[in-house]
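In: Predicted structure and sequence below. I'll ask about it afterward.
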Amino acid sequence: MKKFTLLAAAALAAVAFGTSSLGAQDTTRKESKGEVMKPLTVAAVVTVIDGSLASAGKVSAIKPEAPPTLEFVDITPVIANENDAKIVKEALDKNKDSIKQLEEVLKKNTTIKSALDGHAMKPNADDVVGVEVLEGNKLVVYFWKR
(Lines give C-alpha, C1' and ligand atoms only; values in the text may rest on other atoms or scores of the structure.)
Protein backbone atom coordinates (compact mmCIF):
# COMPACT_ATOMS: atom_id res chain seq x y z
CA MET A 1 0.00 0.00 0.00
CA LYS A 2 2.84 2.37 0.80
CA LYS A 3 4.38 1.71 -2.65
CA PHE A 4 1.07 2.44 -4.34
CA THR A 5 0.58 5.68 -2.35
CA LEU A 6 4.16 6.76 -3.05
CA LEU A 7 3.79 6.04 -6.79
CA ALA A 8 0.43 7.80 -6.91
CA ALA A 9 1.87 10.84 -5.10
CA ALA A 10 4.86 10.91 -7.45
CA ALA A 11 2.61 10.68 -10.51
CA LEU A 12 0.33 13.39 -9.17
CA ALA A 13 3.31 15.64 -8.44
CA ALA A 14 4.68 15.07 -11.95
CA VAL A 15 1.33 15.96 -13.50
CA ALA A 16 0.96 19.01 -11.28
CA PHE A 17 4.52 20.14 -12.01
CA GLY A 18 4.07 19.63 -15.74
CA THR A 19 0.78 21.50 -15.75
CA SER A 20 2.07 24.42 -13.73
CA SER A 21 5.14 24.85 -15.90
CA LEU A 22 2.97 24.81 -19.01
CA GLY A 23 0.74 27.42 -17.43
CA ALA A 24 3.76 29.54 -16.60
CA GLN A 25 4.82 29.50 -20.23
CA ASP A 26 1.40 30.69 -21.32
CA THR A 27 1.48 33.67 -18.97
CA THR A 28 4.72 34.99 -20.43
CA ARG A 29 3.23 35.38 -23.89
CA LYS A 30 2.21 38.89 -24.72
CA GLU A 31 -0.74 39.67 -26.89
CA SER A 32 -0.52 42.46 -29.40
CA LYS A 33 -2.29 45.60 -28.30
CA GLY A 34 -2.05 47.30 -31.68
CA GLU A 35 1.54 48.47 -31.32
CA VAL A 36 2.50 47.08 -34.70
CA MET A 37 2.06 49.62 -37.45
CA LYS A 38 -0.44 48.61 -40.09
CA PRO A 39 0.77 48.78 -43.67
CA LEU A 40 0.13 52.27 -44.97
CA THR A 41 -2.33 52.21 -47.85
CA VAL A 42 -4.29 54.83 -49.74
CA ALA A 43 -7.49 53.45 -48.22
CA ALA A 44 -6.04 53.81 -44.69
CA VAL A 45 -4.99 57.40 -45.39
CA VAL A 46 -8.41 58.28 -46.80
CA THR A 47 -10.08 56.75 -43.74
CA VAL A 48 -7.95 58.91 -41.44
CA ILE A 49 -8.70 62.00 -43.54
CA ASP A 50 -12.44 61.24 -43.47
CA GLY A 51 -12.27 61.02 -39.66
CA SER A 52 -10.70 64.46 -39.21
CA LEU A 53 -13.71 66.11 -37.60
CA ALA A 54 -14.07 63.37 -34.98
CA SER A 55 -10.31 63.43 -34.39
CA ALA A 56 -10.39 67.19 -33.83
CA GLY A 57 -12.92 66.69 -31.06
CA LYS A 58 -10.90 63.92 -29.43
CA VAL A 59 -7.63 65.86 -29.65
CA SER A 60 -9.21 68.99 -28.18
CA ALA A 61 -10.35 66.91 -25.19
CA ILE A 62 -6.76 65.91 -24.34
CA LYS A 63 -5.74 67.35 -20.98
CA PRO A 64 -2.36 69.13 -20.74
CA GLU A 65 -1.51 67.16 -17.60
CA ALA A 66 -1.77 63.89 -19.58
CA PRO A 67 0.13 64.53 -22.81
CA PRO A 68 -0.31 61.86 -25.48
CA THR A 69 2.32 59.59 -26.96
CA LEU A 70 2.82 60.70 -30.55
CA GLU A 71 3.79 58.83 -33.68
CA PHE A 72 4.23 60.57 -37.01
CA VAL A 73 3.51 59.08 -40.43
CA ASP A 74 4.58 60.76 -43.65
CA ILE A 75 2.05 59.80 -46.33
CA THR A 76 4.33 60.76 -49.24
CA PRO A 77 5.32 57.14 -50.07
CA VAL A 78 1.65 56.16 -50.33
CA ILE A 79 0.84 58.76 -52.93
CA ALA A 80 3.81 58.06 -55.16
CA ASN A 81 1.71 57.36 -58.24
CA GLU A 82 -0.63 59.82 -59.88
CA ASN A 83 -3.82 57.84 -59.31
CA ASP A 84 -3.20 57.45 -55.55
CA ALA A 85 -2.30 61.13 -55.26
CA LYS A 86 -5.58 62.02 -56.99
CA ILE A 87 -7.60 59.87 -54.56
CA VAL A 88 -5.92 61.47 -51.53
CA LYS A 89 -6.33 65.00 -52.95
CA GLU A 90 -10.04 64.34 -53.50
CA ALA A 91 -10.40 63.20 -49.88
CA LEU A 92 -8.53 66.30 -48.71
CA ASP A 93 -10.80 68.56 -50.79
CA LYS A 94 -13.93 66.81 -49.50
CA ASN A 95 -12.79 67.20 -45.87
CA LYS A 96 -11.02 70.58 -46.06
CA ASP A 97 -13.21 72.23 -43.39
CA SER A 98 -12.73 69.33 -40.97
CA ILE A 99 -8.99 69.27 -41.60
CA LYS A 100 -8.79 73.03 -41.03
CA GLN A 101 -10.56 72.55 -37.69
CA LEU A 102 -8.11 69.75 -36.79
CA GLU A 103 -5.16 71.98 -37.72
CA GLU A 104 -6.46 74.73 -35.42
CA VAL A 105 -6.79 72.26 -32.54
CA LEU A 106 -3.24 71.01 -33.14
CA LYS A 107 -1.86 74.55 -33.16
CA LYS A 108 -3.39 75.19 -29.74
CA ASN A 109 -1.97 72.00 -28.16
CA THR A 110 1.55 72.91 -27.02
CA THR A 111 2.63 69.27 -26.61
CA ILE A 112 1.70 68.37 -30.17
CA LYS A 113 3.05 71.62 -31.59
CA SER A 114 6.35 71.03 -29.82
CA ALA A 115 6.54 67.46 -31.16
CA LEU A 116 5.83 68.68 -34.69
CA ASP A 117 8.62 71.26 -34.35
CA GLY A 118 11.00 68.59 -33.07
CA HIS A 119 10.33 66.08 -35.85
CA ALA A 120 13.15 65.54 -38.36
CA MET A 121 10.97 66.59 -41.32
CA LYS A 122 9.64 69.66 -39.45
CA PRO A 123 5.97 69.27 -40.36
CA ASN A 124 3.70 72.03 -39.15
CA ALA A 125 0.03 71.81 -38.29
CA ASP A 126 -0.89 72.82 -41.84
CA ASP A 127 0.89 69.69 -43.15
CA VAL A 128 -1.28 67.38 -41.02
CA VAL A 129 -3.92 65.54 -43.06
CA GLY A 130 -5.38 63.49 -40.23
CA VAL A 131 -4.89 62.11 -36.75
CA GLU A 132 -5.73 58.65 -35.54
CA VAL A 133 -6.60 58.58 -31.84
CA LEU A 134 -5.71 55.20 -30.31
CA GLU A 135 -6.20 53.63 -26.90
CA GLY A 136 -3.66 54.40 -24.23
CA ASN A 137 -3.50 58.13 -24.97
CA LYS A 138 -1.65 57.60 -28.26
CA LEU A 139 -1.98 59.71 -31.39
CA VAL A 140 -0.79 58.81 -34.87
CA VAL A 141 -0.32 62.05 -36.78
CA TYR A 142 -0.42 61.71 -40.58
CA PHE A 143 1.26 64.50 -42.52
CA TRP A 144 2.19 65.46 -46.06
CA LYS A 145 4.87 68.05 -46.73
CA ARG A 146 3.56 69.67 -49.92
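Out: It's in. Values in this document were obtained by computation on a predicted structure and should not be read as measured data.

In: Relative to residue 132, how far out is the closest residue to residue 127 other than its chain neighbours?
Out: Nearest-residue entry for residue 127: residue 143, 4.4 Å, with adjacent residues in sequence omitted and distances by C-beta to C-beta, 6 or more residues apart in numbering. Just so you know, the C-beta spots here come from the backbone N, C-alpha and C atoms, and that holds for glycine as well. Separation of residue 143 from residue 132 (C-beta to C-beta, to the nearest Å): 12 Å.

In: So those two - more neighbours on which side?
Out: Neighbour count, other C-beta atoms under 10 Å: between residue 143 and residue 132, residue 143 has more, with 22 against 18.

In: these two touch, right, the more buried one and residue 71?
Out: No: using C-beta atoms under 8 Å, residue 143 makes no contact with residue 71, being 11.3 Å away.

In: how about residue 119, what does it touch?
Out: By C-beta atoms under 8 Å, 6 or more residues apart in numbering, the contact list for residue 119 reads residue 72.

In: which residues does the residue nearest to residue 127 bridge with?
Out: Per DSSP bridges, the residues bridged to residue 143 are residue 74, residue 128.

In: Okay, it and residue 66: tell me how far apart.
Out: Distance from residue 143 to residue 66, by C-beta to C-beta: 23 Å.

In: before we move on, what about residue 88?
Out: 32 Å.

In: Sketch out the helices for this structure, chain order is fine.
Out: Counting by DSSP state H, the chain has helices at residues 2-28, 42-50, 52-60, 82-94, 96-108, 110-118.
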